[in-house]
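Colleague: Starting from these lines, generate the structure:
(4 chains)
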Protein chains: 4
Amino acid sequence: MLNYDGDHGTRWRFSSHGSNAVADEPESDRRSAAPGLNPSRNPMEQDVESPAFIKPKPKLPKQARENLPKQLREMDRERKVQRYVRKDGKCNVHHGNVRETYRYLTDLFTTLVDLKWGLNLFIFVLVYTVTWLFFGFMWWLIAYLRGDLDHISDNQWTPCVNNLNGFVSAFLFSIETETTIGYGYRVITDKCPEGILLLLIQSVLGSIVNAFMVGCMFVKISQPKKRAETLVFSTNAVISMRDGRLCLMFRVGDLRNSHIVEASIRAKLIKSKQTKEGEFIPLNQTDMNVGYNTGDDRLFLVSPLIICHEINQSSPFWDVSQAHLSREDLEIVVILEGMVEATGMTCQARSSYISREIKWGHRFTPVLTLEDGFYEVDYNSFHDIYETNTPACSARELADMTNRARLPLTWSLASKLSQQGLQESEQEGQETKTCTDSEGKGQQTERNGDVANVESESKV
Amino acid sequence: MLNYDGDHGTRWRFSSHGSNAVADEPESDRRSAAPGLNPSRNPMEQDVESPAFIKPKPKLPKQARENLPKQLREMDRERKVQRYVRKDGKCNVHHGNVRETYRYLTDLFTTLVDLKWGLNLFIFVLVYTVTWLFFGFMWWLIAYLRGDLDHISDNQWTPCVNNLNGFVSAFLFSIETETTIGYGYRVITDKCPEGILLLLIQSVLGSIVNAFMVGCMFVKISQPKKRAETLVFSTNAVISMRDGRLCLMFRVGDLRNSHIVEASIRAKLIKSKQTKEGEFIPLNQTDMNVGYNTGDDRLFLVSPLIICHEINQSSPFWDVSQAHLSREDLEIVVILEGMVEATGMTCQARSSYISREIKWGHRFTPVLTLEDGFYEVDYNSFHDIYETNTPACSARELADMTNRARLPLTWSLASKLSQQGLQESEQEGQETKTCTDSEGKGQQTERNGDVANVESESKV
Amino acid sequence: MLNYDGDHGTRWRFSSHGSNAVADEPESDRRSAAPGLNPSRNPMEQDVESPAFIKPKPKLPKQARENLPKQLREMDRERKVQRYVRKDGKCNVHHGNVRETYRYLTDLFTTLVDLKWGLNLFIFVLVYTVTWLFFGFMWWLIAYLRGDLDHISDNQWTPCVNNLNGFVSAFLFSIETETTIGYGYRVITDKCPEGILLLLIQSVLGSIVNAFMVGCMFVKISQPKKRAETLVFSTNAVISMRDGRLCLMFRVGDLRNSHIVEASIRAKLIKSKQTKEGEFIPLNQTDMNVGYNTGDDRLFLVSPLIICHEINQSSPFWDVSQAHLSREDLEIVVILEGMVEATGMTCQARSSYISREIKWGHRFTPVLTLEDGFYEVDYNSFHDIYETNTPACSARELADMTNRARLPLTWSLASKLSQQGLQESEQEGQETKTCTDSEGKGQQTERNGDVANVESESKV
Amino acid sequence: MLNYDGDHGTRWRFSSHGSNAVADEPESDRRSAAPGLNPSRNPMEQDVESPAFIKPKPKLPKQARENLPKQLREMDRERKVQRYVRKDGKCNVHHGNVRETYRYLTDLFTTLVDLKWGLNLFIFVLVYTVTWLFFGFMWWLIAYLRGDLDHISDNQWTPCVNNLNGFVSAFLFSIETETTIGYGYRVITDKCPEGILLLLIQSVLGSIVNAFMVGCMFVKISQPKKRAETLVFSTNAVISMRDGRLCLMFRVGDLRNSHIVEASIRAKLIKSKQTKEGEFIPLNQTDMNVGYNTGDDRLFLVSPLIICHEINQSSPFWDVSQAHLSREDLEIVVILEGMVEATGMTCQARSSYISREIKWGHRFTPVLTLEDGFYEVDYNSFHDIYETNTPACSARELADMTNRARLPLTWSLASKLSQQGLQESEQEGQETKTCTDSEGKGQQTERNGDVANVESESKV
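Modeller: Now for the predicted structure:
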């Protein structure tokens, strides 16, 4: 097992090699576990002396952790952080070694629409010109084979196409026919069955080419991708308290008056993680709950909204304190999806927040003001945040402190507490105090997270 | 923290200044908290003497509450309530200080479709005319440079375009070519390579312009926005009892026979709130459950439906009594979304209810009658409501009363009650009585509805 | 309250008046309550002697029940059942007294698309003809005002349009111009500024008219409504046991090979109900769970699927026994929604099952057979069902019986049972027996299915 | 009941008849039960001696099981496994005996779009040609009836259409008119009302035909079906441990840079099953949870993602061990749906994994590498997996073992265990050991993962 991890886990390649400064973060890795997972059991596990098979575990993962992720982090911090998604929503991902290129050709239409405008226009012109040239050549060929070109000035001769006297006029006739301009100077006669057949073919084919090219152009023009540009995200995300709960918040706004129908927001935490088994998952994605269970993620986006992710037990930020956050390599990708009411097409606006763009202890300045008869959104302060009094410790520590202060009021007898709750409380007596005082050391106390929960469960 | 709130919280600007009538509403503010939050624990929290940082908290929010929201409420009540969303679904929000106007130009298509019809048509004509004029000028230029204009009556001279004898006919030729009318009186000859190139360019470009303008026009014509006009909402929402539960209800109807596919309804409570930490959130949006968890929010909208929001513990109306409601500044935005079966486009119909449009103690008059062989919807009484016997107290009080009347039957010992339940019961002793008196028997009838439910919860 | 109900509740109009046969169905009404509601508490409620306010309740609702719904039921049974939705998905609902007809005109596009083909074509032709006639008249007017018509044979005279010599040729010229045929015999000259302006207007307007009419036609042609015709529902729904649980099942199939993307199924129970407060809700809709919570309602519809609604406590069929069902007036509307992969448009297929189309104790005959190299669907037996051994009692009774047989093994003391469970057991003593007798062994086989489940719930 | 099952259950037809090797798999059948079902109770049920009606049950289903499914399995294993869905997403299902073929004609549009390209083009050309021929014939008929054909060289005679001198030129005129080419050599005169009417009809009808054919062609071209070809699934699915939980994983990737909006993934287990009542359900579909409840099934598909199905109690793989899996006939269909950002159309990519494509004890090789300034996806190793240390026993056994090792620490008394847990532990005594032995330490490491979880469940 050791060999395997050494072999495959290191496929994460780096362009620069860093030193070993930040290696001891077993807890930060655990945070990114599946949301359903109850993190409170992690600290316990290590204390438990389950008979035989505990020993090998702490050794291997730690080793793996020391090797790989820290290098990535080093590089990021020293030079610049490598984003997965840029602020404007573009993704820094290149596709390499795609061998099945035939797949792009199979899906010619999307490939065309995806091209840049210049190339797109060039292909547009090219396709038309080539078609016209081809059919021009066919008309010329018919005229040549029939001998029309030898009887240009012969009034008795009925050519296939009147006034067609060379390749140039054949080309012009081809254009006039396919675009359906049909000036009529050059005109097909009824003595030319092969010409009639060609006319038929060109009409039908021209119609198809037209459908394809114009359709392609229309789709490119009406792409909802552009609509996303008028959806804005705040430059920073903030973390502060709301009604006694630590919340991670960011702001979204719609610069247009037309609505986004079925608008919904979601946030993904992008963070490399390593499982306990030693599997390294580069840029693992975890869904962050911004109202998925209550329906609050379906937005009514008329004025800018502050999207709030409550940092509770199932949140990947449950254990993250202010100090912790600043050292972390994480990225939050926020995705706003919805249908443009005007065009009925679904668009997706994206942005991302890396650690240093998540401001601990800040709030968003309100942007909505009540004018005479309407509400006014002041986009000048859309990105503005201001500092506010926020505990620097993690949500888990916060819950623990609240819990401890609270408990004696409800149950006078400690005997009503579950064994677990008691033990944990005792272990953390002094630790908690430092957190309250200094705000800084914060991450020491993550151990207690589940007390309130366990308690309520016991009651239930 | 105090300073900040004073500074930033007051960004809520007012056009009129009111007096200090309604300031003591701590409970109504709390109601709008996150839905998952159990509001019953809030009063307790304030009793807790958690060591260090609790003290400044209760002071500030109260102060902030007194300053800001009441002024808004005053103004509203005295003059007229400022709606966020109008009854017809339009939103009273202006976007100010949008500096990134380039974004609108990037998304030219949506910008065009969003324009009013008049302006849209004007631009439509303008674009075509300008294109034609430009190409007309080009044709004229070619003719001028070749010297065609000097040889108009020279039969030996082969001009680029026959019968082109000035700018006007060049313009006409341009139109005839781009629209593909091609009368043929003015016709391009084969002795003019630059003309052929221009013909080619104009054909392709004209095709693109056409795709853009016609596409834009088509999209504007087929906008699902219009479909929403045939979706109607009742003028008022009502609150009354249904099977022992207090429900907030409104009615939606579809005037068309064609269906709304994947129709879904949702309701957002729009209400400024202030968190315990003193953050003022103007027009905070909270999702109201109208069947999100059970799938009942997916409608089958053939005949008018009464949408029912059950006022339970997770509802923001849990603490709202009739008297309370009349004093509140809230707005419920209801949103019906779905795909128009005829055109396959998603439309969104909106309406809103402010406090005075929520009629406590009313029901909707049925509109469905059974005729010979079909059901008939009588839209005359679509908006009709009638009064019914409904307790004036809040859903929470109702549940408490039911609870108290019921409990002795199940548990003979009150000691099994949690402290919280007891305290609340005491606080509401006399309030409950007046509630009972004023409402009389009607409320008694429904009082038992939740008994088993509450009971089972207590047991669990 | 009595008056109100008598007044407003009876808006349900009937075309025939029945007698008082079926009035005592308090349980069937309760079944349709909100799904979250635990119906098992209803019987208890009535036994409870809560001090003061019980008395008025049972009187009124019963009275109301006797008056209204029974008449409806009578009529249905005697003549023919009035469906809400027909088997082919059309809805038997007429919209009466719609005063806001202007709304239809606002949404002209959908109105046009919704029209029948004949009328649609007629309007199509009409619009074109009127436009052509109008512009023909304009061209004639210009010619008339300029005096062109007086100089028809005057070769020196340059008319606005060559060879335009009357209204008929003006009309032809109008057609040729707007359709962009442009034969060229009649051709505009460059001496006619008003004509050029008219040409410009007609070109632009013709293009818009074209976009509208052709777009409208295209949308009508490509309507996903038609796709729904190749989605079929079984003629009958069945109720039988699956793994010890009573299930209501129906079958859906897709006759096409092209897929339905994002296909999802849902079922609505349509049944008039009366709340405990006496509110009569005609054709109340309740969502029936066919996998909404587990994601099983998202179908992968390649071969016909049997959709299964488990009749558990939150199901509206929890209390319905075979005898009960046959007496009931209910209708299940099943709705299959999804996007047609070929065209990308969302379609909705509907069907409905009334009581007599729900076959108790039947199963669907399998239709999938394994041929050499592929699976074959035999649509001949798509609608086939066959009888199977199924208990005739309701799911609730079934669960109770299973419960009683099982309990002594787990708890030796009956005192651990909740009051509710006991009382119910007693009430149903003899009923259960008949149920057991009539059904015999088949039911015994399944009786144990829920044991562990019920047990664990009891423990919780 | 016996007869019925014998009769209808065997509608599953086979092309080859196998022997009776694999008949004793009662557990594998049970696994596929409804997800909500707690499978842990199954073994107990059979031990329970509930008074009267247990006996007939175990006999019948076993008999049925022996007859039918084993034959299918035999054939599959001996020759080749019959897939339901091929790796490229095509489905091996034929529709037989579809009597309602008129339904295909009703939905002409989809039928046309669904046709192969060759046939589609043929119909395209055919429709145009037939229309042109028909109108050509009409023009000729008019000319013939008016006597135009007899006055071809008569200059005084005003024909309906100039220069129309036979059917061929009538056909040409028809083409020129309908395609709006309008050369003008053949041109309608104003002395021919019937011709004008025909012109009008042809213009309108031609416009409709054009809308239909071009629209159909455009829809066929822009089909999102093609887009799905650039969505790839890994060749194999794997099962291994992640953070102490057994997970079934597969990988999806998007070869394009353009995004899939509202991308969502789901997986369906396709497996014939038989209910306890003896109903045989061929190719029953069960939804496998890949994040449906947490929102993790909504993907942000920029770089390849590993989709993870946690094998927990509600998973159909709960009871499946490595040995078990290899003997099973199951197929997992994975479906990726989303909207193509470029074109706004929803596409569906499918693939499937049969038993032998599910590699027990493997992991996916990471494909994402960090280059200088961007992330690079190496599609060369997209399908690569490598072996890892994974317990060969089922997730249920794993949980039991973990449970047993853990329990003494929390409860010293085994009497607190539920009967079920105990019995199961005993039954699996030796099986567990072999499992432990063969796998070694890797499994021990993960054994503790679920302790707290199981524990809390036991408490509740």
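
Colleague: The residue of chain A at minimum distance from chain B: neighbour count?
Modeller: Relative to chain B, the nearest point of chain A is A:Gly184 (3.1 Å; CB to the nearest CB). For the C-beta atoms, the positions are set from N, CA and C on the backbone; glycine is no exception. A total of 27 residues lie near A:Gly184 under the criterion other CB atoms under 10 Å in any protein chain shown.

Colleague: Could you do A:Gly361 as well?
Modeller: Here the neighbour count serves as a burial measure; for A:Gly361 (other CB under 10 Å) it reads 18.

Colleague: who touches A:Phe109 in this structure?
Modeller: By CB atoms under 8 Å, 6 or more residues apart in numbering or on different chains, A:Phe109 lies in contact with A:Phe212, A:Cys216, D:Ile221, D:Ser222, D:Gln223, D:Lys226, D:Thr343.

Colleague: My guess is the first one contacts D:Ile221. True?
Modeller: Same thing as A:Phe212. Yes: using CB atoms under 8 Å as the test, A:Phe212 is close enough to D:Ile221 to be in contact (5.3 Å).

Colleague: From C:Leu370, how far off is A:Lys276?
Modeller: A:Lys276 sits 43 Å away from C:Leu370, taking CB to CB, to the nearest Å as the criterion.

Colleague: The residue in chain A that chain C sits nearest to and chain D, how far apart?
Modeller: Using CB to the nearest CB, the closest approach of chain A to chain C is made by A:Gly184 at 4.3 Å. Applying CB to the nearest CB, to the nearest Å, one obtains 3 Å for the distance of A:Gly184 from chain D.

Colleague: Just checking the distance from the strand ranked longest in chain A to the centre of its chain.
Modeller: If you go by DSSP state E, chain A has its longest strand at strand A:260-274. Remark: strand A:260-274 is offset 7 Å from the chain centroid, using CA atoms, centre = their mean, to the nearest Å.

Colleague: same question, stretch A:394-403
Modeller: Counting by CA atoms, centre = their mean, stretch A:394-403 is centred 32 Å from the centre of its parent chain.

Colleague: in chain A, which segments are predicted with low confidence?
Modeller: Chain A contains residues with pLDDT under 70 at A:1-80, A:406-460.

Colleague: what ranges do the strands span in it?
Modeller: Assigned by DSSP E, the strands in chain A fall at A:93-96, A:231-233, A:237-242, A:245-254, A:260-274, A:280-288, A:305-310, A:331-340, A:346-354, A:358-360, A:362-364, A:368-370, A:375-378, A:385-387.

Colleague: Can you lay out those as TSV showing distance to C:Gly195?
Modeller: Written out in TSV, the entries for those read as follows (distance: least, CB to CB, whole Å):
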stretch	distance to C:Gly195
strand A:93-96	58
strand A:231-233	48
strand A:237-242	64
strand A:245-254	47
strand A:260-274	46
strand A:280-288	65
strand A:305-310	56
strand A:331-340	41
strand A:346-354	45
strand A:358-360	67
strand A:362-364	62
strand A:368-370	56
strand A:375-378	50
strand A:385-387	64
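
Colleague: Using a markdown table, lay out these together with distance to B:Tyr386 and mean neighbour count.
Modeller: Shown next, in a markdown table, are those (distance: least, CB to CB, whole Å; neighbours: other CB atoms under 10 Å in any protein chain shown):
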| stretch | distance to B:Tyr386 | mean neighbour count |
| --- | --- | --- |
| strand A:93-96 | 61 | 16 |
| strand A:231-233 | 45 | 24 |
| strand A:237-242 | 41 | 23 |
| strand A:245-254 | 40 | 24 |
| strand A:260-274 | 34 | 23 |
| strand A:280-288 | 47 | 21 |
| strand A:305-310 | 38 | 21 |
| strand A:331-340 | 38 | 25 |
| strand A:346-354 | 43 | 24 |
| strand A:358-360 | 54 | 22 |
| strand A:362-364 | 45 | 25 |
| strand A:368-370 | 36 | 20 |
| strand A:375-378 | 35 | 20 |
| strand A:385-387 | 51 | 17 |
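
Colleague: All the helices of the stretch 151-300 of chain A, residue numbers only.
Modeller: Per DSSP state H, counting those that start in this stretch, the stretch 151-300 of chain A carries helices over the ranges A:167-178, A:193-221, A:224-227.

Colleague: So for chain D, which of these sits nearest?
Modeller: Taking CB to the nearest CB as the measure, those were each checked against chain D, and helix A:193-221 came out nearest at 4.4 Å.

Colleague: and the closest one, which residues are buried?
Modeller: A:195-196, A:198-200, A:202-221 (16 or more other CB atoms under 10 Å in any protein chain shown).

Colleague: Does it reach chain C?
Modeller: No: contact between helix A:193-221 and chain C is absent, the nearest approach being 11.4 Å (criterion: CB under 8 Å from any CB of the partner chain).
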